[in-house]
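**Q** Attaching a predicted model along with its sequence, questions to come.
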Amino acid sequence: MENLFTNLAGSLRAALESTGLPAILTDTSMTMVKLTAILVFILLNALWLVYMERKVAGYIQFRPGPNRVGPKGLLQTTADIGKLMSKEVVIPKQADKVLFLLAPALVFAPPLMVFAVVPFGENMAAIDMNIGLFYFLAVASLSTVIFWMAGWSSNNKYSLLGGMRVVAQMVSYELPLVLSILGVVMITGTLNISEIVRSQQGIWFIFAQPLAFLIFFIAGVAECNRAPFDLAEGESELVAGPFTEYSGMGFAMFFLAEYASALVISFMCAILFLGGWLAPFGMTFIPGWIWMFLKVYLVMFLIMWIRWTYPRIRVDQLMGFGWKVLVPLSLANIFVTGLVMKIFKMLGW
Amino acid sequence: MLKTQEFTLNMGPQHPATHGVFRLLLHLDGETVVKAEPIMGYLHRGIEKLAESRTYTQVIPYTDRLDYLAAMLNNLGYVQTVEKLMGIEVPERAEYVRVIVSEMSRLASHCLATGAYALDLGAFTGFMFPFREREKLMDMFEMICGSRMTFNYMRIGGVADDLPEEFYPAIKKFLKEFPACVDEYDGLITGNEIFQARTKGVSVLSSKKAIQYGMSGPVLRASGINYDLRKKRPYGVYDKFDFEVPVGENGDCFDRYNCRVLEMRQSHRIIEQALERLQELPEEEPLNAKVPKVIKPPKGEVYHEIEGAKGVLGYNVISDGTVNPYRVHVRRPSFINLSLIDEMCRGWKVADVVAIIGSLDIVLGEVDC
Amino acid sequence: MESNQVMKQIKEKYQQVEILDNHLLVPETDIKAVMKELRDAYGYNVLSNETAVDYQEYFEVIYNICRVPEGDMINIKVKIDREKAEIPSVVDIWPSAGWQEREIFDLLGIRFTDHPDMRRILLEDDFEGHPLRRDFKWVGGRD
Amino acid sequence: MFGEGLIKGLTITWKSLIGKKITVLYPDEIYSLPDRFHGKFRFDKDACISCGMCVRACPNKVITLETEKVAKKKRILKYEMDIKYCLFCGLCVESCPKDALGYEKDFEMCQYKWEKLPMVFVDEEPLPAEEKERLEEEAKKAAEAKKAAQEAAKAKAAEDASQGKEG
């Protein structure tokens, strides 16, 4: 069980090699297969997460949630997507048509690109990059551009305001996000994601770096535009922010992308702070990739739980919170981490 | 060459945060409001004009449609005005029934205000919690008068019908559970730091300004003025109850919201007392005063005010001695509370505009009449 | 001070004022002076309600003013000519009159002089006529 | 401490997450309506005396009632409620002296077509002239017969009384 997917990949590679393909072709086709698997994985997860979110929201609000389509309402999201797909894509007259259509097409790209380096288990990353963490940070912030594209090209005032908010929010939250990870990087001394997980063998970083975890979590929630930081969408004041003018599948893409990027943040939380695929209390009879999922879904549930509890923060407060609270705190965290490491070194541990 | 430019944003008439079909033309500098121009009338049905061609009793269902969230209070204000005009004494039992239903209506309205305010600030679950109680209240209204929103329960000289048997256990159960529910709102909404950051110090309305602009209800009391007509000019049997008037300190959005939550607890106390007194009264006592079949008040004019859910609700009824009122004018608290919206919004962010409108607790049925 | 006494004192000061059963009938010329007096000398600080009635021969503007937080109330009426429906605005005394006077203008067509913003408020700007006048006829629709 | 309210909020939502759900799943479970529910109207044609009280009580002029007089009796030709204007205030039901009007516990009054909205309770053709005449004749006869019977009964009673007196 533990090596189910790696074995599968191995046998596929062996099968490909046995046909006598040149090595480069084998590698390319293997990567293609892996990326396709990831794409399918993300889409299925996004569908499932929409359902899960609605169920959680319903349960919190004394409602049973979706329960009509399929058993226990499981097919609800599928039905919704089906409905949205069959709808007309309305393009506003004054919109910049190219950008307007490009934005929803591109919106899945950043989360998909990040997932290329995410290990789903031991040796289960599509590409095990040496600077994986750096890559994640660089790519994850790309989604700002896409939201801004959507907001600007719609030529709607609500969209414009939403787009401006996205940019402002991203600028003020990218920094604490990066700084909070630095503590982890200092301890492990590597940017390779798999290495970081392996170095949590002794202690998970949530216990070694609790403040960093908190900052990373908050900044991550802000990064993927989830409540209480869903200012960009801010449906009570900005209707739907950058997505106001989108209809049909365009809207559905944004909707699903929100869950995909939330999933990225959950994966990073689990990898960086919750020990990734490592089993707690020596319960290794459960395969690592299942542990990974459990942790990811725990973080995901936390994000949902928070969303359905808190009101939305205001835009200037959000930036004030980012710059005045999170950045100094993460800097302090780095300082303290460095200090403690130095002391440990002096003590000779 | 860079230069900044103001731009206008049309908030409404179809917008989730304006609590109805209300349009606010915002002049924005970035996200900061420079000027807010209120435009209304999208729900104007001419109820004052309609009343001129209806009989006195037929006006009552129309008053339901003013503040449809607290329709009993509108009924009460109107029938009390006509009773004053005709000099009718209402039997004590009917008075207690009226107090119970009108305080229930106030609770229902404040539940909605609390919930919708949480929703305005983005807390969707905060919206569902008070709605759970509002739903229970509406179930009880359905038992009493068959409708959930537009009751038409009060009659000139009394009420339409006695409280049904099944109502008493329902209200007792509700009264028992309600304080814990308000604690839940306090925990989920009032105590939340994000909520407080969003509302505290936002759009402070000084007591002087509140008086100048004729504000009333929780909006006025939040500014620190203890003015509740149930205490200051008691009507009906309100002088017989023991309750307090919650008063705010700063007059900001948080105080306006909190006044409503505190008022819910007081309304709960009033209902409890009224229910007790009502059950002490003998059942045979009449529910309706002796009123002629055709209501024809003598020539005259009465202006009567009650404490509505949104503020001071006044009715000016003028009779010319026929079966139809000559003129009915309603002093709608939402309408007058809204008149300061421009000044209150200036200098605040777009998101605060939502918070300010929510804290004023307007109902467009009432603003537009 | 009780409102009855206030009414009497006002009557003494302004000869043309009449006391009806619970109203003070003030001539149009005196209205601003009486209002100012009531606010400054007697502390009637809130204009609770302002409305008008069309009596076919003349209009009557009704002011209900009260003291906050004491709560006592005084009612004032002014008769104005129907042909030349104009009356000085009391916005500078009580800002709360602002929207109420606009509403009266909208529905009854009484023009308030010196009002800073005399526009229609509920009906659309190009609406013809003033619906609360008794001679207004609505064409189309049910009555 | 900052954050206390945030955690309290989370505990409250956690409680509701695992707590009982209160929604009524509408078509599967039917929420029981109270007796006084203002729903669809019920009209009892036989109880109606066509007094027109409901028509006069209605604030929105929803009810149309047309009658014709046949043999001193009012016959309802048309009783229609234009439900799209109805306020469901209940003044018509309250004013009915014979309880001919009432409510049903049914609120599903949607119609697909606009024309189908008005609730038609009675819609009959006026009687043709000869039928009317016949009925009137019959009524006259019946009345005469009744009168005769009454007189006979009276006479009999008087007879009985006198006999009784004698006896």
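**A** Arrived safely, thanks for sending. Residues are numbered from 1 along each chain as shown, chains lettered A, B, ... in the order given.
**Q** What is the end-to-end distance of stretch B:37-55?
**A** 38 Å (CA to CA, to the nearest Å).
**Q** and it, how far from the chain's centre?
**A** Relative to the mean C-alpha coordinate of its chain, stretch B:37-55 is positioned 18 Å out (CA atoms, centre = their mean, to the nearest Å).
**Q** mean confidence score for that stretch?
**A** Stretch B:37-55 carries an average pLDDT of 86.
**Q** And for stretch B:336-347?
**A** 87.
**Q** Could you list the buried residues of that stretch?
**A** B:I336, B:N337, B:L338, B:S339, B:L340, B:I341, B:M344, B:C345 (16 or more other CB atoms under 10 Å in any protein chain shown). C-beta: built from backbone N, CA, C; applies to glycine.
**Q** which of those residues come close to chain C?
**A** B:I336, B:L338, B:S339 (CB under 8 Å from any CB of the partner chain).
**Q** before we move on, back to that, for the buried residues of stretch B:336-347, give me TSV that also has secondary structure.
**A** Converted to TSV, those look like this (DSSP: H, G, I helix; E, B strand; the rest coil):
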residue	secondary structure
B:I336	helix
B:N337	helix
B:L338	helix
B:S339	helix
B:L340	helix
B:I341	helix
B:M344	helix
B:C345	helix
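**Q** so how far is chain B from the nearest residue to A:S199 once chain neighbours are set aside?
**A** Sequence neighbours aside, A:T188 is the residue nearest to A:S199 in space, at 4.5 Å (criterion: CB to CB, 6 or more residues apart in numbering or on different chains). Using CB to the nearest CB, to the nearest Å, A:T188 is found at 34 Å from chain B.
**Q** which residues sit in contact with the residue of chain C found nearest chain D?
**A** As assessed by CB to the nearest CB, chain D sits closest to C:R142 within chain C, at 6.9 Å. With contacts defined as CB atoms under 8 Å, 6 or more residues apart in numbering or on different chains, the neighbours of C:R142 are D:N60, D:K61, D:Y85.
**Q** ok, and of those residues, which contact chain C?
**A** Checking the contacts of C:R142 against chain C (CB under 8 Å from any CB), the matches are D:N60, D:K61, D:Y85.
**Q** quick one: the first one is in a strand?
**A** Same thing as D:N60. No: D:N60 is assigned coil when assessed by three-state DSSP, not a strand.
**Q** related to what we said a few turns ago, relative to chain A, which of the buried residues of stretch B:336-347 is nearest.
**A** Nearest to chain A among these: B:C345, at 12.3 Å, using CB to the nearest CB.
**Q** Quick check: that closest one touching B:E37?
**A** No: B:C345 is not in contact with B:E37 according to CB atoms under 8 Å; the separation is 10.0 Å.
**Q** who touches both of those two?
**A** B:L24, B:L26.
**Q** and the gap between B:D228 and B:Q266?
**A** For B:D228, the distance to B:Q266 (CB to CB, to the nearest Å) stands at 9 Å.
**Q** what do the two both touch?
**A** Contacts common to B:D228 and B:Q266, judged by CB under 8 Å, 6+ apart, are B:V245.
**Q** quick one, which of those two is more surrounded?
**A** Set side by side, B:D228 and B:Q266 show more neighbours around B:D228, with 26 against 19, by other CB atoms under 10 Å in any protein chain shown.
**Q** who's in contact with that one?
**A** B:R221, B:V245, B:E307.
**Q** re the thing from before, most neighbours among the ones next to chain C among the contacts of C:R142, which one?
**A** D:N60 (17 neighbours).
**Q** got a list of what the closest residue to that residue other than its chain neighbours touches?
**A** Nearest residue to D:N60 in three dimensions, chain neighbours excluded: D:Y85, at 4.9 Å (CB to CB, 6+ apart). Residues near D:Y85 by CB under 8 Å, 6+ apart: C:R142, D:N60, D:K61, D:V62.
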